[in-house]
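In: Below: sequence and its predicted model.
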Amino acid sequence: FEVATAISGKIAYKFLEKKKTDIILLDYEMPEENGPTVFFKLRQKPELSSVPIIFLTGVADRDKIREVLSLKPQGYLLKPIDKEKLLGTLDKFA
């Protein structure tokens, strides 16, 4: 895998304007905007509307998980995550 990171939604938007990506791993808590807000904005962009987005986060609060799942991401994985579980999830979208 070729991996790139962004520490905020704002940086991710700029990166995704220039680079094609096959999958997005998104945290719930980030500076400036939270993960659900970033998810919603990414889904509004036609060129990103079909890119799989999986939340990879330490947020285990049931209400927050329900909020995210209502957005219909392709997954919600909790940190810390086992490497094999992460790779198995990513393989489903390869």
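Out: Cool, got the structure.

In: and the end-to-end length of stretch 29-37?
Out: Terminal residues of stretch 29-37 lie 10 Å apart, using CA to CA, to the nearest Å.

In: Which residues are in contact with the residue sitting nearest the centre point of the chain?
Out: Nearest to the mean C-alpha position of the chain, counting by CA atoms, centre = their mean, stands Leu26 at 2.5 Å. Applying CB atoms under 8 Å, 6 or more residues apart in numbering to Leu26 gives the contacts Gly35, Val38, Phe39, Ile53, Ile54, Phe55, Leu56, Thr57, Pro73. In this view, the C-beta of every residue, glycine as well, is placed from N, C-alpha and C.

In: So which of these belong to helices?
Out: Counting by DSSP state H, the contacts of Leu26 place Gly35, Val38, Phe39 in helices.

In: tell me, how many neighbours does the second one end up with?
Out: By other CB atoms under 10 Å, 23 other residues sit near Val38.

In: show me what contacts it?
Out: Here Val38 is in contact with Gly9, Ala12, Leu26, Met30 (criterion: CB under 8 Å, 6+ apart).

In: which residues does the closest residue to the third one other than its chain neighbours contact?
Out: Right, Leu26. What sits nearest to Leu26 in space, not counting adjacent residues and going by CB to CB, 6 or more residues apart in numbering, is Gly35, at 4.9 Å. Applying CB under 8 Å, 6+ apart to Gly35 gives the contacts Leu26, Asp27, Tyr28, Glu29, Phe55, Thr57, Val68.

In: repeat for Lys10
Out: Glu32, Glu33.

In: what are the phi and psi values for it?
Out: Torsion angles at Lys10 (phi, psi; degrees, to the nearest 10) stand at phi -60, psi -40.

In: What is the burial count for Phe67?
Out: Actually, residue 67 is Glu rather than Phe. For Glu67, the neighbour count with other CB under 10 Å is 15.

In: Tell me how many other residues surround the closest residue to it other than its chain neighbours.
Out: Distances taken as CB to CB, 6+ apart put Pro36 closest to Glu67, at 6.0 Å, once the chain neighbours are dropped. Number of residues near Pro36 (other CB under 10 Å) recorded here: 17.

In: ditto for the one 3 residues further on
Out: Counted with other CB under 10 Å, the neighbours of Phe39 add up to 21.

In: Right, I'll leave it there.
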